[in-house]
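Trainee: Here is my input; please provide its structure:
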Amino acid sequence: MRDDDGTPTGRGVSRRRLLGGVGAGAAALTIGGVATGASPASAAYYMKWGAVCSPPGDWATKVDRLRRMRPQTVRVSMFWGDPYNRRFADWQLDQLLGTGLNEMIIQSSEDPDSGLVSRQLDQVLPYIDAHPNILFVFEIGNEPDYHTDPYTARWKRLTALRDNLWSRARSNLYLAVNMPAGRWRNPNDPNFGYSSSGAYFDAFVRDAGDGLGGMFHGPYSPKIITAHCYSWDHLRRYPSRGEDNPYKMVDYVRGWSTSVNMKITEAGINIAGGTDRGSRYVEFGSSIANETAGQVDSVIFYGLPDVELSYSIQAAEADRIGTHP
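Mentor: As a prediction, the model looks like this:
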């Protein structure tokens, strides 16, 4: 959801061991006695489960709902509504980690350039340094097709990677890029410049010949990308639905690369309340690891209260998600 409010390793523990990697086995990865893997989603692949944490809302309720989900990960909307200042303090991040996390995805502002990414990273690096056994993923941008053309969006993200990968490298930190939301020109969005979501996506990820390379093959390509999946009923692959296929962005990515690590940082079904949606979320998280041969290793649902009521994870739904493998 949009904010409408306006690979080098460093010293210390190996990021590759924190990340795991495509096709990682069901056994938990262990670093210094700390298990960093999640319970297996199948005999072959594991999955990390979590939710989006955005301001505002009652903090105790957010932490309680996340804990009920038996989480391993969370996406923190750190610069929601204010690209220059953090929205969550260290003590709040500590409480999120206290729910059982081994991964924390920190979202940048919506459409930052390289300089703004540097400024935002500098605000969270001390916390990252203080938690060497947690995998941190700094997610650059959010749904670029809602902000700018694909060429500008690509340039912003790849220059941010170029300028920050080495200068701010940490052994437990990855920089990731969020993929487009999947807009296309239709009667409800008649002024969008691309007739299909695939056309925007291809322009966003393709090598433009400017020395930056492509999003999946080039000197600054991210090791992790993030994508969003939404539906009105089930989070399943429905090729017959065309642009309404919840898996379309996952499939676009896999059309370009089956090796880049992928995390679903927003997944949601637009129905309000009830334990059935929780069951559908468990179905999604339990199946997508197998369907992508382990390429997707984190699923994060939108979202903890107070997001829009039609997506807000209720207590009963959180309990049901907590039955995940």
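
Trainee: show me where the stretch 201-325 of the chain has helices.
Mentor: 248-256, 275-291, 315-321 (DSSP state H, counting those that start in this stretch).

Trainee: List the residues that contact G198.
Mentor: 248, 252 (CB atoms under 8 Å, 6 or more residues apart in numbering). Backbone N, C-alpha and C define where each C-beta goes, glycine included.

Trainee: can we see that at 7 Å?
Mentor: Contact partners of G198, counting by CB atoms under 7 Å, 6 or more residues apart in numbering, are Y252.

Trainee: ok but it is inside a helix, no?
Mentor: Yes. G198: assigned to a helix according to DSSP: H, G, I helix; E, B strand; the rest coil.

Trainee: For it, report the pLDDT, please.
Mentor: Predicted confidence (pLDDT) for G198: 98.

Trainee: ok, it to T265 distance?
Mentor: As judged by CB to CB, to the nearest Å, G198 and T265 stand 21 Å apart.

Trainee: Repeat that for V250.
Mentor: Separation of V250 from T265 (CB to CB) stands at 12 Å.

Trainee: ok, now Y45?
Mentor: 18 Å.

Trainee: cool, and V74?
Mentor: 10 Å.

Trainee: where in this structure is pLDDT low?
Mentor: Applying pLDDT under 70 to the chain picks out residues 1-44, 272-275.

Trainee: quick one: furthest residue from the center of it?
Mentor: Centroid-distance maximum for the chain: P187 at 29.1 Å, with CA atoms, centre = their mean.

Trainee: Grab the nearest non-local neighbour of N191.
Mentor: R185 (7.7 Å; CB to CB, 6 or more residues apart in numbering).

Trainee: Would you enumerate the residues in contact with that neighbour?
Mentor: The neighbours of R185, taking CB under 7 Å, 6+ apart as the test, are 192, 194-195.

Trainee: who wins for most neighbours among these?
Mentor: Taking other CB atoms under 10 Å as the neighbour criterion, Y194 ranks highest of the contacts of R185 with 18 neighbours.

Trainee: surely it meets D202?
Mentor: No. Using CB atoms under 7 Å, Y194 makes no contact with D202, being 9.6 Å away.

Trainee: so what's the spatially most central residue of the chain up against?
Mentor: By CA atoms, centre = their mean, the mean C-alpha position of the chain lies nearest to T265, the distance being 2.8 Å. The contact partners of T265, by CB under 7 Å, 6+ apart, come to 75, 105, 139, 178, 226, 228, 300.

Trainee: rerun that using 8 Å as the cut-off
Mentor: Applying CB under 8 Å, 6+ apart, the residues contacting T265 are 52, 75, 105, 107, 139, 178, 226-228, 298, 300.

Trainee: I'd like the residues you listed laid out as JSON lines, including neighbour count and distance to V117.
Mentor: Putting these into JSON lines (neighbours: other CB atoms under 10 Å; distance: CB to CB, whole Å) gives the following:
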{"residue": "V52", "neighbour count": "24", "distance to V117": "20"}
{"residue": "R75", "neighbour count": "28", "distance to V117": "17"}
{"residue": "I105", "neighbour count": "28", "distance to V117": "15"}
{"residue": "Q107", "neighbour count": "27", "distance to V117": "12"}
{"residue": "E139", "neighbour count": "24", "distance to V117": "10"}
{"residue": "N178", "neighbour count": "25", "distance to V117": "12"}
{"residue": "T226", "neighbour count": "27", "distance to V117": "15"}
{"residue": "A227", "neighbour count": "23", "distance to V117": "19"}
{"residue": "H228", "neighbour count": "22", "distance to V117": "20"}
{"residue": "S298", "neighbour count": "27", "distance to V117": "21"}
{"residue": "I300", "neighbour count": "26", "distance to V117": "21"}
